[in-house]
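Chemist: dropping a prediction and its sequence here:
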Amino acid sequence: MISALTGFYDSLGSTGQFALWSFVKIAIVFGVVMTMVAYAVLAERKISAFIQDRQGPNRVSLPLIGSIPVLGPFLTRLGIWQPLADGVKSFLKEDFTPDYVRKAYYWIAPAITFIPALLAIAIIPFGSNLNTQKMVIADLDIGILFTFGVVSLGVYGIVLAGYSANSKYPFLGSIRSSAQMISYEIAMGMSVVPIFLVVGKLNLGEIVSYQAQHGWFIFPPFAQEQTLLSYLVWPFALLSFFIFMVSAFAETNRLPFDLPESETELVAGYNTEYSSMKFALFFMGEYAAIIAGCGLMVTLFLGGWSLPWIADQPATTIGMGIAHILIFLTKTVMLLVLFIWVRWMFPRFRYDQLMNLGWKRFIPMALANVLIVAVILMLVYRPPVVVGP
Amino acid sequence: MIVQRKKLSLLERLYLPALAGGFKVTWRHFANTLFKGHTAGKELSGGYYPEKKWVVGEGYRGAPYLVRDPEGRTKCVSCQLCEFVCPPKAIKITPPGPQGSPEVGNVEKAPQEFEINMLRCIFCGFCQEVCPEEAIFLQNDYSLNAESREELIYNKEKLLSLGGVHQDKIWKWKNK
């Protein structure tokens, strides 16, 4: 049996093996991301409940596990089965399509918002190595350019949703959303340029290995290799991180920038006319985009899978490989909690404040940041002065 | 009125004091709820709904039920005003017809059947308001549950038993 399997594996050839492993990685990553989406929603509900003196979901119980003496009630109180109930509900709910919508766009819009979020995850290195496999689905050399290209497609889904709904609130929501996402895309894109100037490569895997060696961009003191450069760049990397994070809030339509969906003014914004699975796709797309954004931040600024002193070399054993994946996931989850917490801490920005912040503050700041880091690099790596003829 | 805007300092314009203050408040509530179990529901009413039932106040308008008078007569006389006024058309009355109901004789047209579909009823109270005989009242029940839609169509018998006796000041049939 096993020899037959290895025989089959060998017969695939290198291209076939690559395809097989890619497929396996896609399946696993998709499963993990969807689970994270479900539990991010639960975390959101629990954290919001605690902040607002409520208890959050604490009723759903499973027949057998629920009757285990202490554990069952504890898990129920924790709301651990709530995502299951939510999932079943959104599948079984009536999928109502209003008469006046533009059907083709109406159908395609949820998919267009959902797919880019998942595509962005494809290039994030979520670990170093496991056996001989690199822990990234697509090891692209253009890395971050691909992300920005794909993530900005997400806005089309929202624009189409607002347009196809053929009613005023979704339309207003989608207009706001397109303006917001387009303006923050620029600041976001420029905020990461300093990182690439320092590393010299666009490949996200290379950026993580650079950070494993020279220290995380937002905190270099623990680095293996102490260089003057990493300290000179430190404040500007922090600024980059800050701009990137705030833009990520705007890009993923999270509060304080959730103008496309502002419930108090626009009913529910672009997804007002959606129900059942189509609404669920929007919802999952939003959370998948947050997870992708957190993953990107971890990769670009927080050293990806690396942890100073303990795990800063690419893994050679399987145990270390799994540890790297867990380190990456832990960092991502911590950022996720930050994203959720901010939603319940800040009121929504006004639309003109949002545009002011984007165009008048962040874009000039990001540009200056690029310039200063370029000058620092020029001074540090200055070519030897040739004297005389 | 023109609202005077306070001139904000640089620190305030950076949202930093707001950030610190917001985190302080949210963390206080988060920690109090998570570690000490202080929730608004427990503090204010000692628990949450299914375990701790809500006690309705005086004059609450819950589900409408039929009432009897102190002599045990059905007060309803099948005038069907409530049926016609009912905005969601939840009430359906079957009048007794020319023979009348045997237990009351031919003096009052007590309904043969009186049905309220509680799934349609919106507890608006128009039926109570329009009733010339004071035969239907919105009472205290607010949570009506059943396993099928049919179970929530309450018939005359059920409505009368749930409604109880109305302690009327006028004993209409006593001194006739």
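Modeler: Yes, it's here.

Chemist: please count neighbours and contacts with C-alpha atoms only from this point.
Modeler: Noted.

Chemist: and the helix or strand harbouring residue B:65, how far from the chain's centre?
Modeler: According to DSSP states H and E, residue B:65 maps onto strand B:64-66. How far strand B:64-66 lies from its chain's middle: 11 Å, per Cα atoms, centre = their mean, to the nearest Å.

Chemist: which elements pack onto that strand?
Modeler: Applying 3 or more Cα pairs under 8 Å, 6 or more residues apart in numbering or on different chains; DSSP states H and E, one finds that strand B:64-66 contacts strand B:136-138, helix B:156-163.

Chemist: ok, the most centrally placed residue in chain B - contacts?
Modeler: Nearest to the geometric centre of chain B sits residue B:62, at 1.8 Å (Cα atoms, centre = their mean). Residues near residue B:62 by Cα atoms under 8 Å, 6 or more residues apart in numbering or on different chains: B:123, B:138, B:139, B:140, B:141, B:142.

Chemist: okay, these in JSON lines with neighbour count, pLDDT and distance to residue B:129 next?
Modeler: Shown next, in JSON lines, are those (neighbours: other Cα atoms under 10 Å in any protein chain shown; pLDDT from 0 to 100; distance: Cα to Cα, whole Å):
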{"residue": "B:123", "neighbour count": "17", "pLDDT": "92", "distance to residue B:129": "12"}
{"residue": "B:138", "neighbour count": "21", "pLDDT": "92", "distance to residue B:129": "10"}
{"residue": "B:139", "neighbour count": "19", "pLDDT": "90", "distance to residue B:129": "13"}
{"residue": "B:140", "neighbour count": "18", "pLDDT": "89", "distance to residue B:129": "17"}
{"residue": "B:141", "neighbour count": "14", "pLDDT": "88", "distance to residue B:129": "18"}
{"residue": "B:142", "neighbour count": "13", "pLDDT": "87", "distance to residue B:129": "19"}
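
Chemist: between those, which is nearest chain A?
Modeler: residue B:142 (21.3 Å; Cα to the nearest Cα).

Chemist: start and end of stretch B:141-156, how far apart?
Modeler: One end of stretch B:141-156 to the other measures 17 Å (Cα to Cα, to the nearest Å).

Chemist: list the buried ones in it?
Modeler: Across stretch B:141-156, burial judged by 16 or more other Cα atoms under 10 Å in any protein chain shown covers B:152, B:153, B:154, B:155, B:156.

Chemist: what's around the spatially closest residue to the first one that is not a sequence neighbour, how many residues?
Modeler: Same thing as residue B:152. In space, and not counting its chain neighbours, residue B:152 is closest to residue B:118: 5.5 Å by Cα to Cα, 6 or more residues apart in numbering or on different chains. Counted with other Cα atoms under 10 Å in any protein chain shown, residues neighbouring residue B:118 total 20.

Chemist: so what does residue B:118 have for phi and psi?
Modeler: phi -70, psi -20 (degrees, to the nearest 10).

Chemist: list the contacts of it.
Modeler: Contacts of residue B:118 (Cα under 8 Å, 6+ apart): B:63, B:90, B:144, B:152, B:153, B:154.

Chemist: hmm, which two among those residues are most spread apart?
Modeler: B:90 and B:144 (14.8 Å; Cα to Cα).

Chemist: correct me if wrong: residue A:284 contacts residue A:37.
Modeler: Yes - counting by Cα atoms under 8 Å, residue A:37 is a contact partner of residue A:284 at 6.4 Å.

Chemist: relative to chain A, which of the helices and strands packed on strand B:64-66 is closest?
Modeler: The nearest among those, by Cα to the nearest Cα, is helix B:156-163 at 30.6 Å.

Chemist: in the closest one, what counts as buried?
Modeler: For helix B:156-163, burial by neighbour count (16+ other Cα under 10 Å) applies to B:156, B:159, B:160, B:162, B:163.

Chemist: just stretch A:300-319 next, same as before
Modeler: A:300-308, A:311-315.

Chemist: same list, the residues you listed, but as a markdown table with secondary structure and distance to residue A:227 please.
Modeler: Putting the buried residues of stretch A:300-319 into a markdown table (DSSP: H, G, I helix; E, B strand; the rest coil; distance: Cα to Cα, whole Å) gives the following:
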| residue | secondary structure | distance to residue A:227 |
| --- | --- | --- |
| A:300 | helix | 19 |
| A:301 | helix | 17 |
| A:302 | coil | 18 |
| A:303 | coil | 16 |
| A:304 | coil | 20 |
| A:305 | coil | 21 |
| A:306 | coil | 18 |
| A:307 | strand | 18 |
| A:308 | coil | 15 |
| A:311 | strand | 20 |
| A:312 | coil | 17 |
| A:313 | coil | 18 |
| A:314 | coil | 21 |
| A:315 | coil | 24 |
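
Chemist: contacts with chain B among these, please.
Modeler: Among the buried residues of stretch A:300-319, no residue sits close to chain B (Cα under 8 Å from any Cα of the partner chain).
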